[in-house]
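Engineer: the sequence and its predicted three-dimensional model are supplied below.
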Amino acid sequence: MRKKRKGSETDACPNEPDELTPAPDSPSSNRRAHYSLEDYARLKKRCKEDAGTQPIGSCKSRLAGIATAPPCGASSLVPPGRGLKRKIGCIDNATKMGRKNKIEDDYVRGDTIGQGKFGSVWLCTSRTSGAKFACKTLHKGEETVHREVEIMQHLSGHLGVVTLHAVYEESDCFHLVMELCSGGRLIDHMLEEGPYSEQRAANIFKDVMQVIKYCHDMGVVHRDVKPENILLTPSGKLKLADFGLAMRISNGQTLSGLAGSPAYVAPEVLSGNYSEKVDIWSAGVLLHALLAAVLPFQGDSLDAVFEAIKNVKLDFHSGLWESVSKPARDLMSRMLTRDVSARITADEALRHPWILFYTERTSKTLPMKSKLKNQVGASFRQLAIVPQPEVDSNKRSGGPLSKGSNLNSSTESVSFNSEDQDECGLVDALAVAISHVRISEPKRTRLCSPTGPIKQQCSSNLTSNNLCRAF
Ligand SMILES: Nc1ncnc2c1ncn2[C@@H]1O[C@H](COP(=O)(O)OP(=O)(O)OP(=O)(O)O)[C@@H](O)[C@H]1O
């Protein structure tokens, strides 16, 4: 039997309800939404055990369609592991697949720096150059190993993607030698430093959206966009990591099956077929967390989180949102809309006035003093691309993701030196924003032939596999 990836180890959980119930409004309730996938795995294991008696619409039927689409052009019926040689044969020379050397010949092994449920990520040092790298070891037999390797190679080279330097194959595993992102994970910065200024959030968010757009242009859906999977380099550059759940997708093709992380998962993932727009939703959750330091969809259990994702109407009008500009709220609402066709694309998000305002060249000289916030908001309101969506009270938002001081400047790509600036700069920036507001269909740079919905493979291994890390 093949090994199951993403925390497939599931234990009996007699005390599950208690374990899934954090104190209301406590900071930990947010963290539970981030970190309670093991709980969810246990829950779903129970679902699996009940599978024979579950009716349609039960958790079994919800979990049956775990997406297993292979890279474009490959049959979804190819058993995982088979065709691996062919796939990795595509990996170019830069990654030096198929080399005779063992990794120990070229690198000195260092400390473990990350622990995934699949295995570990460890520090390694090149014997020739002395340069340090991160090495992720993927054990063969895991369902998605070949896909992660292939997709990393496919995307490697973009500034926003962790660069894959080399791949070493052993009889039972692959070692992926990657660029070392020693600046930590974005989530750790968020937890430590609390809500971000709009200026800072916009610049972080722009970097994230640029790499998501790149993935989508390259025909890849990440499916697990969250701050835990965004790493920082020492100079503060953001890098999207962990393509363990990523899938290739053709234009017009849809995926199916549960994959993602609970707090960030798009509603359509919970209910049916979905597309690359799931990454937009997840990025919208991230933007919410950046600006408000709370997750938008919370609950006392994972099912309650999912219920919130499906039904809670967010209120961007009151409470903490009163101090956030309307353009920021507008962008968020366009990303966190359940109507997938109305949800903006990565390209559109990047051209949203809020992003342009805070990240365009002229924004470097714009005032950020709070007294100008409303003016900015009013100006942006005029730039709105479409009307604001209906909002209602959000009963579950609460509990800070973190408390803390201002973020250090390591990730800020634009410096803000604005105390003495006047409103002329603001007008200039708005003019720039206006000039960029054009909404059109995004282009894919690498498309595969449309093949229609990807066939589902209902493997119990896959089911519990994706449940745990990716539920
Ligand atoms: N290139 C890198 N540089 C530095 N640290 C890294 C790098 N890649 C991964 N890590 C560390 O290892 C951890 C696990 O890596 P990764 O997320 O790729 O594994 P995973 O098991 O697929 O993750 P998850 O359990 O979140 O799905 C990361 O959270 C990070 O702390």
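Structural biologist: Yes, it's here.
Engineer: drop to CA atoms for contacts and neighbour counts, all remaining ones
Structural biologist: Will do.
Engineer: burial count for Arg147?
Structural biologist: The tally of other residues near Arg147 (other C-alpha atoms under 10 Å) stands at 25.
Engineer: look at Gly98 and report its pLDDT.
Structural biologist: Note for Gly98: predicted pLDDT of 50.
Engineer: now do the one 3 residues further on
Structural biologist: The predicted structure scores Asn101 at 82 on the pLDDT scale.
Engineer: any idea how many residues pack against it?
Structural biologist: 12.
Engineer: let's verify the closest residue to it other than its chain neighbours: helix, strand, or coil?
Structural biologist: Excluding the flanking residues, the one nearest Asn101 by C-alpha to C-alpha, 6 or more residues apart in numbering is Tyr168, at 7.9 Å. Going by DSSP: H, G, I helix; E, B strand; the rest coil, the secondary structure assigned to Tyr168 is strand.
Engineer: look up how far the ligand lies from Tyr168.
Structural biologist: In this view, Tyr168 and the ligand are 16 Å apart by C-alpha to the nearest ligand atom, to the nearest Å.
Engineer: for the helix or strand where Val149 lies, packing partners?
Structural biologist: Per DSSP states H and E: Val149 is located in helix 145-155. Secondary-structure packing of helix 145-155 (3 or more C-alpha pairs under 8 Å, 6 or more residues apart in numbering; DSSP states H and E): helix 84-89, strand 247-248.
Engineer: and these, which one averages the lowest pLDDT?
Structural biologist: Of all these, mean pLDDT reaches its minimum on helix 84-89 (a mean of 37).
Engineer: immediately after that one, which helix or strand?
Structural biologist: Remark: after helix 84-89, the chain's next helix or strand is helix 103-106, criterion DSSP H and E.
Engineer: so, low pLDDT: which residues of the stretch 301-450 of the chain?
Structural biologist: 361-450 (pLDDT under 70).
Engineer: hmm, 90 instead?
Structural biologist: Residue ranges of the stretch 301-450 of the chain with pLDDT under 90: 318-320, 360-450.
Engineer: close to the ligand: what parts of it are there?
Structural biologist: Counting by C-alpha under 6 Å from any ligand atom, no position of the stretch 301-450 of the chain is adjacent to the ligand.
Engineer: check whether the helix holding Val149 comes near the ligand.
Structural biologist: No - judged by C-alpha under 6 Å from any ligand atom, helix 145-155 stays clear of the ligand, getting no closer than 9.2 Å.
Engineer: quick one: pLDDT of the residue in the stretch 51-200 of the chain positioned nearest to the ligand?
Structural biologist: Residue of the stretch 51-200 of the chain nearest the ligand, by C-alpha to the nearest ligand atom: Gly116 (2.8 Å). For Gly116, the pLDDT comes out at 75.
Engineer: residues in contact with the nearest residue to Ser156 once chain neighbours are set aside?
Structural biologist: Leaving aside its chain neighbours, Ser156 sits nearest to Thr163 (5.0 Å; criterion: C-alpha to C-alpha, 6+ apart). With contact set as C-alpha atoms under 8 Å, 6 or more residues apart in numbering, Thr163 has these partners: 152, 156-157, 178-179.
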